[in-house]
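Chemist: 3D model of this:
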Amino acid sequence: MTAARGGPLRVHPGPTAGLTVGSTVGLRRRSRVRPGPCRAAWPPGGHRARPVMSTAGRGQTGGMRLSDFWNRMRLHFGDAYAESWARDYVIAGLDGRTVNQALADGIAAKDVWRAVCGVSDVAAALR
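Modeler: A predicted model of the protein is given here:
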């Protein structure tokens, strides 16, 4: 094969030289970020809060997030003692269950927190 000017044809190997069919090693994909003014309108319909859905077992029970519940427990009892207290202390208001058992049985975090406030002297700011 010869080039148009009469010399031997040189083939540049390019970015896919040595790759097998279906291989993507070393190839870059183009960014899918929308440029310029299109980004301001993304996502369609604007940003809005997600609807509140049942999240039992996924971080929230009964209107109080479990993270908020555990933050309040740690603020009241301290980091080390909160988990021990929740594991060992049986509360009559929770039908003779511990905090961990009540949460595992699906009792709302807010109701468990109210029971904790009932048996412990919790500061008014944490209630």
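
Chemist: use CA for all of it now, contacts and neighbours both
Modeler: Will do.

Chemist: residues touching residue 63, list them.
Modeler: Residue 63 makes contacts with 108-110, as judged by Cα atoms under 8 Å, 6 or more residues apart in numbering.

Chemist: Just the buried residues of these.
Modeler: 108-110 (16 or more other Cα atoms under 10 Å).

Chemist: Mind checking which of those residues land in strands?
Modeler: With DSSP state E as the criterion, strands contain none of the buried ones among the contacts of residue 63.

Chemist: Which members of these are positioned in helices?
Modeler: Judged by DSSP state H, helices contain the following of these: 109-110.

Chemist: Residue 70: which of the buried ones among the contacts of residue 63 is nearest?
Modeler: Checking the buried ones among the contacts of residue 63 against residue 70 with Cα to Cα, the nearest one is residue 109 at 9.5 Å.

Chemist: do you know how far the closest one is from residue 100?
Modeler: Distance of residue 109 to residue 100, given as Cα to Cα, to the nearest Å: 10 Å.

Chemist: now do residue 72
Modeler: Residue 72 is 15 Å from residue 100, by Cα to Cα.

Chemist: just residue 115 next, same as before
Modeler: 13 Å.

Chemist: Likewise for residue 80?
Modeler: The span separating residue 80 from residue 100 equals 15 Å under the rule Cα to Cα.

Chemist: Of these two, which one has the most company?
Modeler: Neighbour totals were compared for residue 80 and residue 100, and residue 100 leads with 17 against 9 (other Cα atoms under 10 Å).

Chemist: low-scoring stretches of this protein, by residue?
Modeler: 1-62 (pLDDT under 70).
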